[in-house]
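1. Sequence first, predicted coordinates after that:
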Amino acid sequence: MGTALIYDEEMTKYKLLWVDPACKIEVPERLTVSYEALVKNGLADRCVSVPVREATDADILQVHSEEYLEAVKKTPYMTLEDLKEFTLQYGDVYFHPNIYHCAKLAAGAALQLVDSVMMGKVKNGMALVRPPGHHSMRSAANGFCVFNNVAIATRYAKQKYGLKRVLIVDWDIHHGQGVQYGFEDDPSVLYFSWHRYEHQKFWPQLRESDYDSVGKDKGAGFNVNVPWNKVGMKNSDYLSVFFHVLLPVAYEFCPDLVMVCAGFDSAIGDPEGEMCATPDIFAHLTHLLMNLSGGKLCAVLEGGYNLTSLPQSVCQTVQTLLGDPAPRPTNLDGPCESALESLHCTRSAHRQYWSCLKHAAELPASEISTKRIKLAKEEKEEEKKTETVQEEKSVEEKVWPEPPKRASPLNRTAVVLPDDVTCPDRCTRFSSSENPDPVTVNKLRENLLKAAGDSSALTTLCSLTALVEKMEQSEICNGLALVPDVSTAMVCLVQHAVTASNRRVLVVCVGGALDQSLFKDDGKTLLVQFSNKESEETKSKYNISVCLKKGCGDVSGFICAVLSLLLPLGYEYDPSLVLLVRMADSGLCDSAWQQLTGLLQGLAQGRTLVLMQESEKACVGITASSLLGDAAPSLGQLCAPLPEDVEAMERLRQRLQVDWKLLQTTAPETGRGDED
Ligand code: Q9C
Ligand code: ZN
């Protein structure tokens, strides 16, 4: 099942017809450069091209008022002077004789996308549209937006397909206040937005964009705002918010569909956002959402005004939707203090609504909200003084390397299986044809003798070391092996893999403990084990045991640990290879195993080798499917994890955050920072 791409040149056919500094960045080229980049990179061709349509009055009226729609309907017949005057009643938006037509197509494109995904014609997709939508309100255009495309599509999806829960992820750098207003009291729609805020100094300067707007009435807890109070946020800041706020809440919510307000003004170089996250981060943001709702994801373009970073970011998003492995994450040096403050605030505002956040630290008595008001005042005065200077000062041009071309793997998944186990669909059976070098064979034999393995075990191990080499050379992306003894195989492979310089192996072991003494603390391996064995204290930053009371049997606890411990550790470690070891009787249910397998593929460019005990052959099919990039089945709405597990995980997180910055969830000394 493919990826839909919706684009129509018609949506480039309106533009600003007068001088307005606030609106001059919203240009038709935003769309043409994005589409051309998709064509140039061979991505457009790999997508299923879906035509746009016009949203009907009925579609639009699900979100907007009749008066507003009727007013917009008149704009195609207005003179330039009338258009200017009509525009004046709204903030930071412009009208054009053709914008009503384009706005109907933009909303209609989002509807077509929902239909394609929900009818199973494709598994996911992206719509490249103008005008954007997330600022427009029931009776008002705003922020370049005329109709609220994503809100309209969300209402439509719920109604037409009977969806119970829709998640809207707004990664645009502006607050989609229109979306927030539209679903504030609705618990069936979870709206998440991060946005440049600067203590209410940044447009649209709304009090209700802050972290304490959590939703109203029945919708309390279903509006999640992460305000950025400084510019220059980086990849680490974005990922930290995903690991410690969005993903835990999203998995607990368990959406039937994910809608993305895909604005790319949150990328480096954007004149509005002034953030520093690189375009490759969108590969990871996308990947991390692709195992929710069985992979049903609709991304709809919002902002993005740097004509270099915008097309790069669009390509990263679409290529990930197509299933190509994400690039190695870059620049993960941990979140900044201001980001940690925001993270802390949002987590504490939501701790009463989400069991995954129950252990989040409370805010020190109103410290931060009073600071907000004070700062907003001070900085406004400051601004007045420096206004003339500011006008002359042009934003310094940012430079960043173009993201390297991502290869689409020719051979995705290789399997090493006993002869009596059939090779799963779309996989290739792997056996090493070349003779491995004698040194390798001797080492393998030594290890085997210790473990009393036989000659067929040696053949298997030879194949596996050869497979690791092929993965390293990018000839094969990932692999799966059934072995007679996972511990021995794992030890042999780790020993083999780390002989090459600058290789780092992340070993993830589920169910049952490995002999930790086999691992050195030299940083060439990071071992993370999940089990119910009360293990001795974690010995080093590279040897980590996550102990859950029921082992991997409690899905909620397990998934919390994966999202907020394993993923941050894995991303910060940045392995060149992931070894995923499944012990016999791990107690892990199939869907949680597939979630784990799917999520880990964001690391090491998807180079994951799964080792399973021979007795686990019933899981070969589902594991292969996950390695091939199929979305994991949804876990269902999660209940609260066991309190003792939550506490144990929190203790572990606190202990490890000294060494692993992506595990931090609070600023070093909250309330300090920019005090006078
Ligand atoms: N410095 C979207 O990204 N403010 N809308 C412009 C100029 C309006 C952004 C101020 C920004 C609207 C969809
Ligand atoms: Zn924006």
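-> Cool, got the structure. Residues are numbered from 1 along each chain as shown. Ligands and ions are numbered 1, 2, ... in the order given.
2. okay, CA-based contacts and neighbour counts for the rest of this
-> OK.
3. Show me which residues of the stretch 301-450 of the chain sit near ligand 1.
-> With Cα under 6 Å from any ligand atom as the criterion, the stretch 301-450 of the chain meets ligand 1 at residues 302, 303.
4. Tell me where the stretch 301-450 of the chain has helices.
-> In the stretch 301-450 of the chain, the segments counted as helices under DSSP state H, counting those that start in this stretch are 309-321, 337-350, 367-392, 438-450.
5. rank the ones you listed by mean pLDDT and give me the bottom one.
-> Sorting the helices of the stretch 301-450 of the chain by mean pLDDT places helix 367-392 lowest, at a mean of 55.
6. Can you pull the residues of the stretch 301-450 of the chain lying near ligand 2?
-> Residues of the stretch 301-450 of the chain lying close to ligand 2 by Cα under 5 Å from the ion are residue 303.
7. Looking at the stretch 301-450 of the chain, what residue ends up closest to ligand 1?
-> residue 303 (3.6 Å; Cα to the nearest ligand atom).
8. Next, give phi and psi for the spatially closest residue to residue 461 that is not a sequence neighbour.
-> Nearest residue to residue 461, sequence neighbours excluded (Cα to Cα, 6 or more residues apart in numbering): residue 489, at 6.7 Å. Backbone geometry at residue 489, expressed as degrees, to the nearest 10, gives phi -60, psi -40.
9. pLDDT wise, what is residue 489 at?
-> With respect to pLDDT, residue 489 scores 91.
10. same deal with the one 4 residues further on?
-> The predicted local confidence for residue 493 comes out at a pLDDT of 90.
11. Ok, residue 327 next?
-> Looking at residue 327, the pLDDT reads 97.
12. How about residue 413?
-> 97.
13. For it, grab the count of nearby residues.
-> 27 (other Cα atoms under 10 Å).
14. what's across from it in the sheet?
-> Beta-bridge pairing for residue 413 (DSSP bridges): residue 478.
15. how near is it to residue 600?
-> 15 Å (Cα to Cα, to the nearest Å).
16. Which residues of the stretch 51-200 of the chain lie near ligand 2?
-> Counting by Cα under 5 Å from the ion, the stretch 51-200 of the chain sits next to ligand 2 at 172, 173, 174.
17. Which of the helices or strands spans the second one?
-> Counting by DSSP states H and E, no helix or strand carries residue 173.
18. Let the chain start at 11 from now.
-> Sure, I'll start counting at 11 from here, so that last one is residue 183.
19. Tell me the spacing between it and residue 286.
-> To residue 286, residue 183 is 12 Å away according to Cα to Cα.
20. quick one: which of the two has more around it?
-> Comparing residue 183 with residue 286 by other Cα under 10 Å, the one with more neighbours is residue 183, at 27 against 19.
21. mind listing what that one touches?
-> Applying Cα atoms under 8 Å, 6 or more residues apart in numbering, one finds that residue 183 lies in contact with 204, 205, 206, 273, 274, 275, 276, 282, 283, 313.
22. Kindly confirm my reading that residue 537 is in a strand.
-> Yes - counting by DSSP: H, G, I helix; E, B strand; the rest coil, residue 537 is located in a strand.
23. and it, bridged to which residues?
-> residue 517, residue 553.
24. Hmm, residue 517 and it touching each other?
-> Yes - Residue 537 lies in contact with residue 517 (Cα atoms under 8 Å); the separation is 4.8 Å.
25. Point me to the helix or strand that includes residue 126.
-> helix 109-128.
26. My error: substitute residue 13 in the last question.
-> Going by DSSP H and E, residue 13 is part of strand 12-16.
27. Convert the C-alpha atoms of that strand to CSV, please.
-> C-alpha atoms of strand 12-16 as CSV (Å, rounded to 0.1, in the frame of the first residue of the first chain):
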residue,chain,number,x,y,z
GLY,A,12,1.4,3.3,-1.1
THR,A,13,1.6,7.0,-0.2
ALA,A,14,-0.8,9.6,-1.7
LEU,A,15,0.5,12.9,-3.0
ILE,A,16,-2.0,15.6,-3.6
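28. For the helix or strand following that strand, which residues meet the burial criterion?
-> Downstream of strand 12-16, the next assigned helix or strand under DSSP H and E is helix 39-50. For helix 39-50, burial by neighbour count (16 or more other Cα atoms under 10 Å) applies to 40, 41, 42, 43, 44, 45, 47, 48.
29. got it, and stretch 321-333?
-> By neighbour count with 16+ other Cα under 10 Å, stretch 321-333 contains the buried residues 321-333.
30. which other residues reach it?
-> By Cα under 8 Å, 6+ apart, the surrounding residues in contact with stretch 321-333 are 12-13, 43-45, 47-48, 51, 53, 56-57, 134-136, 274, 277, 289-290, 292-293, 296-297, 300, 336, 412-413, 639.
31. Strands along the stretch 411-560 of the chain, start to end?
-> 421-426, 438-439, 486-493, 515-520, 535-541, 553-557 (DSSP state E, counting those that start in this stretch).
32. can you redo those as TSV with distance to residue 371?
-> Below are these laid out as TSV (distance: least, Cα to Cα, whole Å):
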stretch	distance to residue 371
strand 421-426	42
strand 438-439	48
strand 486-493	39
strand 515-520	28
strand 535-541	25
strand 553-557	21
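33. number of nearby residues for residue 531?
-> Neighbour tally, residue 531, other Cα under 10 Å: 15.
34. that older thread, which neighbours do residue 183 and residue 286 share?
-> Common neighbours of residue 183 and residue 286 (Cα under 8 Å, 6+ apart) are residue 276.
35. Helix, strand or coil: sort out the nearest residue to residue 407 once chain neighbours are set aside for me.
-> In this structure, residue 407 finds its nearest non-sequential neighbour in residue 279, 7.0 Å apart by Cα to Cα, 6+ apart. Three-state call for residue 279 (three-state DSSP): coil.
36. doesn't residue 406 make contact with residue 279?
-> No - counting by Cα under 8 Å, residue 279 sits too far from residue 406 to count as a contact (9.1 Å).
37. and those two? which has more neighbours close in?
-> residue 279 (27 against 9).
38. do you know how far residue 211 is from ligand 2?
-> Distance, residue 211 to ligand 2, by Cα to the ion, to the nearest Å: 16 Å.
39. Can you give me the pLDDT of that residue?
-> 98.
40. what number of residues lie near it?
-> Residues lying near residue 211 (other Cα under 10 Å) number 18.
41. hang on, it in a helix?
-> No - the assignment for residue 211 (three-state DSSP) gives coil, which keeps it out of a helix.
42. Quick check on it: phi, psi?
-> phi -80, psi -20.
43. which parts of stretch 484-504 are buried?
-> So, applying 16+ other Cα under 10 Å, buried residues of stretch 484-504: 484, 486-504.
44. residue ranges with poor pLDDT in this structure?
-> 375-405, 443-445, 461-463, 545-548, 680-686 (pLDDT under 70).
45. how close does the spatially most central residue of it get to residue 432?
-> Centroid-nearest residue in the chain: residue 295, 2.3 Å away (criterion: Cα atoms, centre = their mean). Residue 295 is 35 Å from residue 432, where distance means Cα to Cα.
46. With residue 237 instead?
-> If you go by Cα to Cα, the gap between residue 237 and residue 432 works out to 52 Å.
47. For these two, indicate the residue with more neighbours.
-> Shown here are residue 237 and residue 432; by other Cα under 10 Å, residue 237 has more neighbours (28 against 12).
48. Which strand residues bridge that one?
-> Bridge pairing for residue 237 - DSSP bridges - gives residue 205.
49. ok, it touching residue 212?
-> No - with contact defined as Cα under 8 Å, residue 237 does not reach residue 212; the gap is 10.3 Å.
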